[in-house]
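Enquirer: Okay, predicted coordinates and the sequence, questions at the end:
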Amino acid sequence: MNKQIITSLLDTDLYKLTMMQVFFHRYPGTIARHKFHCRNKDVDLTTIVQEVREQIDALCELSFTMTELDYLRHRLPFLKRDFIDFLSIFRFNNKQITVRAVDGVLEIETYGPIWQTILYEIYVLSIVNETYFNKVTESMTTRQRADMFEEGHRRLEEKIELVRNVDGFLFTDFGTRRRFSKEWQESVVRHCKSEIPDRLFGTSNLNLARELNINPIGTMAHEYLQAFQAFDNRLADSQSTALEAWAQEYRGALGIALTDVIGIDYFLKDFDLYFAKLFDGVRHDSGDPYAWGEKVIAHYERLKIDPQTKLLSFSDGLTFPKAVDLYKHFEGRIKTSYGIGTNLTNDLGLTPLNIVMKIVECNGKPVAKISDSPGKGMCEDEDYVVYLKKVFDEKPTLFDNPRNDYM
């Protein structure tokens, strides 16, 4: 094995712990299967199988340190004491993860209690990314590597200059999963903090947040809402049940809801006056961001909620120019924030990987993500996707009843 990539269990995104806490407290018996997928065409990841397997074995030897637990305890009050106590004895079990090459494709799967296997995703994606780019760049000369990093710094300076004078614009580092390397991500975020501290709102990476003393940012991801498709609630109520469980767990903290697990139109069927008032805003992760934002604003207005009291959080493949354009489009109408990943932490002139690790089964049942963007959905059972759409197609909208008291 080359140099160990993951050396701290805090080197992950905040939303992994926030989702894990809900399952730990409310659904501890849930068993889930997650599966890795590379969306890039003509990229061979089978050459790194052995290195990835060794890196994951090393990951399974790690535990949270007392210093890291103290940070979580004092910096993140929404993480409860019993959960942090549990993290003090948390260990991965490498029998729950398989890494192999099958028919020329890298396959990685996890299977086990969701409160345990849910944490694998960010570490696995970071390991695959860094291992792959180590392989891609190993034949470079010293001069070529220097030129590559020089190009990365040049591009970063362009981004900084673009946003430096855009008053009110805020962005967050969402780049852990697809970073070029751990060291490059830290260098980029550290430089942004130094040069544009009033534009950098925070980072999703807990270790960087701790080391650089910046805001740790995150709420929920797709797998959280997907899991509720397999619970005892009615399938038609899976989203609303998931949002209710989140609200009960966090009591007003972490108030950004993800909208595209089944698509924005289906989400808005469930995002009634109660949830629209309760949650601070919503996050976009697929589909046309402008059309999505307009739909959400119109939804708030129909519920007689002032959109300027709410937040649109954009996080779908953003570049800095696109984020600034979105900011200008919605400025003065609703608050906005921008989570920028690959374009921030893996923009050195090489083609980045587009890799994900998604939940595909929960409690022995299929679950699905039906994205607002073609190609971003993920489910192993096509019949289930058809059924899921049918269930939500038949569900009435919030405005079907003209006698709603709030209208």
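Expert: Perfect, I can see it now.

Enquirer: Now do the buried residues in the helix or strand hosting residue 301.
Expert: Using DSSP states H and E, residue 301 falls within helix 289-302. The neighbour-count check on helix 289-302 (16 or more other Cβ atoms under 10 Å) flags 289, 292, 293, 295, 296, 297, 299, 300, 302 as buried. Bear in mind the C-beta positions are built from the backbone N, C-alpha and C, glycine included.

Enquirer: Which of those residues sits closest to residue 282?
Expert: Using Cβ to Cβ, residue 296 comes nearest to residue 282 of the buried residues of helix 289-302, at 5.9 Å.

Enquirer: Report the contact partners of that closest one.
Expert: Neighbouring residues of residue 296 by Cβ atoms under 8 Å, 6 or more residues apart in numbering: 259, 264, 268, 282, 307, 312, 334.

Enquirer: want to try JSON lines for these, with distance to residue 135 and secondary structure as columns?
Expert: Formatted as JSON lines, these follow (distance: Cβ to Cβ, whole Å; DSSP: H, G, I helix; E, B strand; the rest coil):
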{"residue": "259", "distance to residue 135": "37", "secondary structure": "coil"}
{"residue": "264", "distance to residue 135": "38", "secondary structure": "helix"}
{"residue": "268", "distance to residue 135": "44", "secondary structure": "helix"}
{"residue": "282", "distance to residue 135": "39", "secondary structure": "strand"}
{"residue": "307", "distance to residue 135": "47", "secondary structure": "helix"}
{"residue": "312", "distance to residue 135": "38", "secondary structure": "strand"}
{"residue": "334", "distance to residue 135": "44", "secondary structure": "coil"}
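
Enquirer: Name the member of the residues you listed with the most neighbours.
Expert: residue 259 (28 neighbours; other Cβ atoms under 10 Å).

Enquirer: Check the gap between that one and residue 387 for me.
Expert: Relative to residue 387, residue 259 is positioned 21 Å away (Cβ to Cβ, to the nearest Å).

Enquirer: ok, now residue 250?
Expert: 31 Å.

Enquirer: Those two: which has the busier surroundings?
Expert: Higher neighbour count among residue 250 and residue 387: residue 250, with 18 against 13, using other Cβ under 10 Å.

Enquirer: Can you name the residues that contact the more buried one?
Expert: Residue 250 touches 18, 78, counting by Cβ under 8 Å, 6+ apart.

Enquirer: State the distance from it to residue 275.
Expert: Taking Cβ to Cβ, one finds residue 250 at 13 Å from residue 275.

Enquirer: ok, now residue 32?
Expert: Counting by Cβ to Cβ, the gap from residue 32 to residue 275 is 25 Å.

Enquirer: neighbour-wise, which of those two wins?
Expert: More neighbours surround residue 32 than the other of residue 32 and residue 275, with 25 against 19 (other Cβ under 10 Å).

Enquirer: Output the helix or strand harbouring that one as CSV, nothing but the C-alphas.
Expert: Using DSSP H and E, residue 32 sits within strand 31-38. C-alpha atoms of strand 31-38 as CSV (Å, rounded to 0.1, in the frame of the first residue of the first chain):
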residue,chain,number,x,y,z
ILE,A,31,-30.0,-3.2,7.2
ALA,A,32,-28.8,-1.6,4.0
ARG,A,33,-26.8,-2.3,0.9
HIS,A,34,-24.8,0.5,-0.9
LYS,A,35,-23.2,0.2,-4.3
PHE,A,36,-20.4,2.1,-6.0
HIS,A,37,-20.9,3.4,-9.5
CYS,A,38,-18.6,5.3,-11.9
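
Enquirer: Could you pull out the buried residues of it?
Expert: Those would be 32, 33, 34, 35, 36, 38, for strand 31-38 by 16+ other Cβ under 10 Å.

Enquirer: Nearest residue to the middle of the protein?
Expert: residue 221 (5.2 Å; Cα atoms, centre = their mean).

Enquirer: Help me confirm that it comes into contact with residue 14.
Expert: No - look at residue 221 against residue 14 with Cβ atoms under 8 Å: they stay out of range, at 10.5 Å.

Enquirer: Excluding covalently adjacent residues, which one is nearest to residue 226?
Expert: Of all residues beyond its chain neighbours, the one nearest residue 226 is residue 367 (4.3 Å), with distances taken as Cβ to Cβ, 6 or more residues apart in numbering.

Enquirer: What ranges does the stretch 101-250 of the chain have for its strands?
Expert: 105-113, 171-173, 200-203, 215-216 (DSSP state E, counting those that start in this stretch).

Enquirer: ranking the ones you listed by burial, who's on top?
Expert: Neighbour counts (mean count of other Cβ atoms under 10 Å) averaged over each of the strands of the stretch 101-250 of the chain peak at strand 171-173, with a mean of 25.

Enquirer: Could I get the average pLDDT for the longest helix seen in the chain?
Expert: What stands out as the longest helix in the chain, according to DSSP state H, is helix 142-164. Confidence over helix 142-164 (mean pLDDT, whole number) is 98.

Enquirer: Name the surrounding residues that touch that helix.
Expert: 137, 140, 169, 171, 180, 184, 188, 191-192, 195-196, 199, 320-321, 324, 343-344, 347-350.

Enquirer: out of the residues you listed, which are buried?
Expert: For the contacts of helix 142-164, buried by 16+ other Cβ under 10 Å: 169, 171, 180, 184, 188, 192, 196, 199, 320, 324, 343-344, 347-348.

Enquirer: Which ones among those map onto helices?
Expert: 184, 188, 192, 320, 324, 343, 344.

Enquirer: Provide a list of residues in contact with the residue nearest to the third one when sequence neighbours are not counted.
Expert: Leaving aside its sequence neighbours, residue 192 sits nearest to residue 200 (Cβ to Cβ, 6+ apart; 4.6 Å). Residues in contact with residue 200, defined by Cβ under 8 Å, 6+ apart, are 170, 171, 172, 173, 189, 192, 193, 214.
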